[in-house]
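Visitor: take this sequence and fold it.
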Amino acid sequence: MFFKYIVLSAIAILASAARIPEPEERIVGGHHIPIEYVPWQVSLLGYANHFCGGSIYSDRVILTAAHCLVVPIGNLSVRAGSSHWSKGGQVVKVLKAISHPKYKKYPHLTYDVAVLILESPLKFSAYVQKIALAEKHSQAGNISFVSGWGDTRYGAKFGWPILQGVHVALYDPTVCKNSYGEHVICTDAIGRTICNGDSGGPLVSLPDRKLIGIVSKGYDCGRLNPGIYADVVFFRNWFIDTINKNLN
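Guide: Just a heads-up that it's a prediction; the model follows:
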């Protein structure tokens, strides 16, 4: 009976390990997710190492945070189509990087958005897809989804090698904008939020799966609220105009 118990336990463990985790099982407080669930997600690579996230707008355009533009253009690339930032998928170099003209890092991150133009087009598949920009604001309390390869706890200083995702609730937009500026939206989820290395990544509305936010900053990785994102609806026209002017 003892041997039978060991065999059955081993089978259960193997079955659990082989199962693809569902995003709703629960970045900080999140869980592994397959890239097929968020095929618009990319990893920004500086000198071949992950440091930020981004979202696929088209086969040659990536949207990200302006504060992520700290790597010389010659050493900046993106990896798309893989749940691992370090392997698989497609790696394409960045040709142009344009941050918002009103972007300021100090004293607070403001107008924290940027457009990346790739040297060559991405090849779309089940693992690589573009995402539509939201056209109207979501309501307070609506559930959204954020993903990335950032730290999974405050002070870890270690980005996760496999893509993580977590559901978060939208904070009251009036309170958020009054506190942090008209150009941002906030999420309210202590213990389930963004952290270092998630910057530039996508905040996506559910169930319509449109891009509503770009990860900008958080406070102590979920120990304090809220998580702050650039408001895609606010920046929508700037994104479209900038892309049209720079995409040859």
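Visitor: please make it C-alpha for all contacts and neighbour counts, starting now.
Guide: Will do.
Visitor: OK, contacts around the one residue sitting closest to the centre of the chain?
Guide: Residue closest to the average C-alpha location in the chain (CA atoms, centre = their mean): G201, at 2.1 Å. G201 is in contact with 41-42, 52-55, 64-65, 146-148, 214-215, counting by CA atoms under 8 Å, 6 or more residues apart in numbering.
Visitor: which of these are buried? Put it as a PyMOL command.
Guide: Buried subset of these, written as a PyMOL selection, criterion 16 or more other CA atoms under 10 Å:
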select buried, resi 41+42+52+53+54+55+64+65+146+147+148+214+215
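Visitor: closest one to S120 out of the contacts of G201, please.
Guide: Closest approach to S120 among the contacts of G201 (CA to CA): V42, at 15.0 Å.
Visitor: helix or strand: which one has that closest one?
Guide: If you go by DSSP states H and E, V42 is part of strand 41-46.
Visitor: heading C-terminal from the lowest-mean-pLDDT helix or strand in the chain, find the next helix or strand.
Guide: Here the helix or strand of the chain ranked lowest by mean pLDDT, DSSP states H and E is helix 2-18, holding a mean of 32. Scanning forward in sequence from helix 2-18 by DSSP H and E, the next helix or strand is strand 31-32.
Visitor: run me through the strand neighbours of that next one, direction for each.
Guide: strand 164-169 (antiparallel) (DSSP bridges).
Visitor: quick one: mean pLDDT for the strand it pairs with?
Guide: The pLDDT scores in strand 164-169 average 92.
Visitor: what of stretch 91-103?
Guide: 98.
Visitor: quick one: secondary structure of V233?
Guide: Secondary structure state of V233, per DSSP: H, G, I helix; E, B strand; the rest coil, is helix.
Visitor: pull the contacting residues for it.
Guide: By CA under 8 Å, 6+ apart, the contact list for V233 reads L133, A134, E135, K136, H137, I212.
Visitor: can you show me the strands along this protein?
Guide: For the chain, the strands defined by DSSP state E cover 31-32, 41-46, 49-58, 61-64, 76-80, 90-99, 114-118, 143-148, 164-169, 184-187, 202-205, 211-219, 224-231.
Visitor: would you turn those into CSV with distance to W238?
Guide: Output for the strands of the chain, formatted as CSV (distance: least, CA to CA, whole Å):
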stretch, distance to W238
strand 31-32, 33
strand 41-46, 21
strand 49-58, 13
strand 61-64, 12
strand 76-80, 22
strand 90-99, 11
strand 114-118, 10
strand 143-148, 23
strand 164-169, 26
strand 184-187, 15
strand 202-205, 17
strand 211-219, 14
strand 224-231, 12
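Visitor: between those strands, which gets nearest to Y106?
Guide: Judged by CA to CA, the one of these that comes nearest to Y106 is strand 211-219, at 12.9 Å.
Visitor: so which elements touch that closest one?
Guide: Secondary-structure packing of strand 211-219 (3 or more CA pairs under 8 Å, 6 or more residues apart in numbering; DSSP states H and E): strand 202-205, strand 224-231, helix 232-246.
Visitor: which of the strands of the chain sits closest to D241?
Guide: strand 114-118 (10.7 Å).
Visitor: so what touches the closest one?
Guide: 60-66, 92-100, 239, 242-243, 246-247.
Visitor: out of those residues, which end up buried?
Guide: The neighbour-count test (16+ other CA under 10 Å) applied to these identifies 60-66, 92-94, 96-100, 239, 243 as buried.
Visitor: on the pLDDT front, check P161 for me.
Guide: 87.
Visitor: so who does the residue nearest to it when sequence neighbours are not counted touch?
Guide: Take P161 and drop its neighbours on the chain: the residue closest to it by CA to CA, 6 or more residues apart in numbering is H84, 5.7 Å away. Counting by CA under 8 Å, 6+ apart, H84 makes contact with P161, I162, L163.
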